[in-house]
Each structure stands twice: as structure tokens, then as C-alpha cells.
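> fold the following and give me the result.
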Amino acid sequence: MTHRIGVIVGSLRKQSLNRKLAHALIKLAPETLKLEIVEIGQLPHYNADDEASLPVASVEFKRRIESLDGVLFVTPEYNRGVPGVLKNALDVASRPYGQNSWRGKPAGVITVSPGAIGGFGANHQIRQSFVFLDMPAMQQPEAYIGNAATLFDDKGDIANASTRQFAEQFLTSFAQWVRSTAPTAARQ
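Modelled structure (predicted):
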């Protein structure tokens with residue numbers, strides 16, 4: 001069975017390192033995963049006053065998340081935390097209260113940074129949100145990719161063989177995680 005996985009990129013930059021990695025992961029994914037980028041830049045800021053009549057973009061985003069078998073977050077770290085646009089996406093799809101579109105979706109996180117730490121702070125901060133959102137997060141392998149400014153070749157592929165191998169192993173582990181964790185209907 002093939003599982004549909006939404007890839008949420010935590011950067012809006014067209015040429016961001018995280019977007020490049022998301023595209024590279026799509027190419028490297030095992031046959032059991034169909035990765036597709038789910039855009040978040042069009043989402044309005046979450047506002048509880050809008051809950052009686054959600055903005056169209058929010059409704060469409062919630063439906064898209066609900067249609068997926070799992071979610072992979074590929075994000076930078078801003079000021080030792082999750083970028084605001086990503087936090088907004090988490091909030092938009094989790095509301096109104098009791099209508100959490102993330103519930104039960106197996107999740108994985110890869111943080112990418114030009115710095116040496118590889119987005120460690122953002123990686124752990126987003127995992128804190130998963131607890132409340134009821135998203136089972138894959139614990140191992142952890143994925144913090146640092147020094148990423150030279151990671152890609154001119155075609156956008158991962159140039160470093162050991163990083164490419166790690167990405168393939170991560171995706172294999174994630175595929176196993178989704179298969180074992182996704183709701184029963186999604187596994188049949």
C-alpha cells in the first residue's frame with residue numbers, strides 16, 4: 001500500500017534550503033510513500049473570531065490535512081524556534097476546538113539549517129506541539145541537518161553521499177512508522 005504524506009515546509013522562500021530538501025526527499029521516497037508538498041503561505045493568521053465561518057483557505061487546508069496518511073515537517077529554525085508561518089499552520093488545522101485535523105496523523109520532523117546545530121531548537125519545539133495535537137511523532141532517527149548551504153548540487157539533488165544515504169534511511173524508517181501508526185483504515 002502507498003501512503004499519502006503531506007510535506008509541510010516551514011519556510012516560504014522559493015529557494016529555501018528546506019524546500020530544496022523537500023523536493024529531494026520526494027525523489028528519494030520509497031514506493032510505499034507518496035510525498036506531496038502542502039503549501040502554507042496562503043493561510044490567513046489564525047483568529048478565533050473566524051471560527052464561526054472559517055476562511056476558505058483554512059477550510060481547504062484542513063480538508064487536505066485530513067486526506068493524508070501522515071505528515072512530514074521540513075523546517076528551518078528561526079530564533080531557536082518554529083517559524084511563525086509553520087506555527088500558524090498547526091493552529092489553523094487544529095481549530096475550532098474539537099475539530100483537530102492533525103489528530104492521529106503520524107508525524108516526522110527534519111530541520112535544516114546553514115548553521116552547525118541543524119535546527120535542534122525548532123525540531124524539539126514542534127514535537128511539543130505534536131503532544132497536544134495528538135500526532136504520534138517518529139522518535140528515531142532524529143534529523144538535524146546542519147551546514148546545509150552546500151548540501152545541494154545544481155539540479156537540487158543532495159550532493160553529499162552520506163546525507164543522501166541518511167535521508168533514504170530516514171524515509172525508510174518513516175514509511176515503517178506510518179505503516180505501524182496510521183489509523184487502521186489507512187493501513188488497509
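
> show me what contacts Ala182?
Ala182 sits next to His3, Asp69, Gly70, Gly104, Lys105, Pro106 when contact means Cβ atoms under 8 Å, 6 or more residues apart in numbering. For glycine as for every other residue, the C-beta is placed from the backbone atoms N, C-alpha and C.

> turn those residues into JSON lines, columns for secondary structure and pLDDT.
Shown next, in JSON lines, are the contacts of Ala182 (DSSP: H, G, I helix; E, B strand; the rest coil; pLDDT from 0 to 100):
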{"residue": "His3", "secondary structure": "strand", "pLDDT": "96"}
{"residue": "Asp69", "secondary structure": "coil", "pLDDT": "96"}
{"residue": "Gly70", "secondary structure": "strand", "pLDDT": "97"}
{"residue": "Gly104", "secondary structure": "coil", "pLDDT": "96"}
{"residue": "Lys105", "secondary structure": "coil", "pLDDT": "97"}
{"residue": "Pro106", "secondary structure": "coil", "pLDDT": "97"}
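
> tell me which two of those residues sit farthest apart.
When Cβ to Cβ is used, the two most widely separated members of these are His3 and Gly104, lying 13.3 Å apart.

> who's more crowded, those two?
A direct count of neighbours by other Cβ atoms under 10 Å for His3 and Gly104 places His3 higher, at 19 against 14.

> spit out the contact partners of the closest residue to that one other than its chain neighbours.
Nearest residue to His3 in three dimensions, chain neighbours excluded: Asp69, at 3.9 Å (Cβ to Cβ, 6 or more residues apart in numbering). Contact criterion Cβ under 8 Å, 6+ apart gives His3, Arg4, Ile5, Lys105, Pro106, Val178, Ala182, Ala186 as the residues in contact with Asp69.
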